[in-house]
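In: how would this look folded up:
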Amino acid sequence: MRTAMLLLLLLLLLLLLLLLLLLLLLLLLLLLLLLLLLLLLLLLLLLLLLLLLLLLLLLLLLLLLLLLLLLLLLLLLLLLLLLLLLLLLLLLLLLLLLLLLLLLLFLLLLLLLLLR
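Out: Below is the predicted model:
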């Protein structure tokens with residue numbers, strides 16, 4: 001009777017040890033799963049950061065394009081202004097020429113009047 005009781009106790013102890021081992025294995029599996037999830041989260045965060053960086057780069061490129069467009073517009077405006085100034089200069093030269101012609105005509109008339 002005593003050996004049967006000892007055997008039963010030993011069997012119970014063995015069962016408890018097996019249960020403890022199973023629980024430890026389950027805990028290890030859960031820790032591994034948690035680590036895997038953390039790694040996945042880190043990977044997703046890195047991907048998000050990379051996408052944000054790409055977006056920022058795209059925005060910078062767009063800004064540079066806008067700046068280039070603005071500079072081209074400014075250049076066009078300056079060219080237009082230069083053309084306008086040249087036109088004005090030409091007009092002034094024509095006016096000066098006309099005035100000189102009128103002066104010459106006036107002098108010629110004066111000379112004709114004096115010679116008479």
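
In: And residue 78, how far from residue 86?
Out: Distance check for residue 78 against residue 86: by C-beta to C-beta, to the nearest Å, it reads 13 Å. Just so you know, the C-beta spots here come from the backbone N, C-alpha and C atoms, and that holds for glycine as well.

In: give me the element residue 23 is part of.
Out: Using DSSP states H and E, residue 23 sits in helix 2-115.

In: Quick one: residues in contact with stretch 97-112.
Out: For stretch 97-112, there are no surrounding residues in contact (C-beta atoms under 8 Å, 6 or more residues apart in numbering).

In: In it, which residues are buried?
Out: Neighbour counts over stretch 97-112 (16 or more other C-beta atoms under 10 Å) mark no residue as buried.

In: Render the CA-only coordinates of it in CSV, please.
Out: Output in CSV follows, covering the C-alpha atoms of stretch 97-112 (Å, rounded to 0.1, in the frame of the first residue of the first chain):
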residue,chain,number,x,y,z
LEU,A,97,15.6,113.3,-85.0
LEU,A,98,12.2,115.0,-85.7
LEU,A,99,13.2,118.0,-83.6
LEU,A,100,16.5,118.3,-85.3
LEU,A,101,14.7,118.1,-88.7
LEU,A,102,12.3,120.8,-87.5
LEU,A,103,15.2,123.0,-86.3
LEU,A,104,16.9,122.5,-89.6
LEU,A,105,13.7,123.5,-91.4
PHE,A,106,13.3,126.5,-89.2
LEU,A,107,16.9,127.6,-89.9
LEU,A,108,16.4,127.1,-93.6
LEU,A,109,13.3,129.2,-93.5
LEU,A,110,15.1,131.9,-91.5
LEU,A,111,18.0,131.8,-94.0
LEU,A,112,15.5,132.2,-96.9
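
In: as a whole number, average confidence for the helix holding residue 23?
Out: Computed over helix 2-115, the mean pLDDT rounds to 97.

In: Counting neighbours, what do you get for residue 26?
Out: 10 (other C-beta atoms under 10 Å).

In: which residues touch it?
Out: If you count contacts by C-beta under 8 Å, 6+ apart, residue 26 has none.

In: any idea how far it is from residue 33?
Out: Residue 26 is 10 Å from residue 33, by C-beta to C-beta.
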